[in-house]
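J.: Pasted the sequence and its predicted model underneath.
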Amino acid sequence: MIEQLNMSLFHLINQYAGLNPFIDTLTIFAAKYMPLIIILGLIYLWIKRGDKTKDIVLYGVYAAVIGLLINYIIGLVYFHPRPFMIPTGTLLFSYPGDSSFPSDHTTLMLSLTFMLTYFRETRKIGLFFVVLGLIGGFARIFCGVHFPMDILGSFVVSLIITATIFKFRNRLTPINNLFKGFYAKVIGSKE
């Protein structure tokens, strides 16, 4: 039943792939480069905002690394083919034939951005980045490299891991201080 829903939702979204070159180009860009846009946004926040924001960005990085590790473990015990491996749908760009569940791109984007929403200082920009992450996940379905449940799985992994990191964030202070101290030394030596 869930697999039928997954397939139906996939076809509902992917049926428009390949019909409009402009929309295809936009979604390919979002599917491939949205993680980079979000990472560049976080680098900007790291450079332009204060010490508290650096802590928040680091919490997001920890969540993303652990989320991707969880995805890797899931992929070892549960293989789910990508749409083009079945084959079904329209594929807009070539992609490796590894397990599709959950989406690494979406886990990366959402783990980094969900963390921003937990803190008042970064909540607004965090919500904006979450929307970008969801657009990136949707684009990956549109482009034929993921099923909707892959994106939903990433959403769940990201929510759980960011909530866990948030809960234990005070224990991460020494690690944060180490990274921030290293950054200050590197930047200080260049000025």
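T.: Noted; the coordinates are in hand. Note that the coordinates shown come from a computational prediction; the quantities given were computed from them, not determined experimentally.

J.: Please make it C-alpha for all contacts and neighbour counts, starting now.
T.: Noted.

J.: Number of residues surrounding M109?
T.: Applying other CA atoms under 10 Å, we find 29 residues neighbouring M109.

J.: mind listing what it touches?
T.: M34, P35, I38, A64, V130, G133 (CA atoms under 8 Å, 6 or more residues apart in numbering).

J.: so which of the residues you listed comes closest to L9?
T.: G133 (18.9 Å; CA to CA).

J.: Hmm, I160 and T107 touching each other?
T.: No - contact criterion CA atoms under 8 Å: T107 and I160 do not qualify, at 11.0 Å.

J.: The two: who's more crowded?
T.: With neighbours defined as other CA under 10 Å, T107 and I160 compare such that T107 has more, 33 against 15.

J.: element containing the residue positioned nearest the centre of the chain, please.
T.: Residue closest to the mean C-alpha point of the chain, counted by CA atoms, centre = their mean, is M109 at 2.1 Å. In the assignment (DSSP states H and E), M109 maps to helix 104-117.

J.: which stretches of this protein form helices?
T.: With DSSP state H applied, the chain shows helices at 2-14, 21-48, 51-77, 104-117, 123-142, 148-167, 173-190, listed in chain order.

J.: Could you check the ones you listed and tell me which one is nearest G97?
T.: Nearest to G97 among those is helix 51-77; the distance by CA to CA comes to 12.3 Å.

J.: Flag the shaky bits of the chain, pLDDT-wise.
T.: For the chain, the stretches with pLDDT under 70 are 188-191.

J.: repeat that with 50
T.: 191 (pLDDT under 50).

J.: Comparing the helices of the chain, which comes out most buried?
T.: helix 104-117 (a mean of 28; mean count of other CA atoms under 10 Å).

J.: Run the angle between that one and helix 21-48 for me.
T.: 40 degrees (axes from the mean of the first three to the mean of the last three CA atoms, to 10 degrees).

J.: before we move on, the earlier item: ok, which of the helices of the chain comes nearest S94?
T.: Judging the helices of the chain by CA to CA, what sits closest to S94 is helix 21-48, at 10.8 Å.

J.: Off-centre distance for that closest one?
T.: 11 Å (CA atoms, centre = their mean, to the nearest Å).

J.: May I have the phi/psi pair for F79?
T.: Backbone geometry at F79, expressed as degrees, to the nearest 10, gives phi -100, psi 130.

J.: And for it, the neighbour number?
T.: 13.

J.: Hmm, it is touching G97, no?
T.: No - in this structure, F79 is not within contact of G97 by CA under 8 Å, at 10.8 Å.
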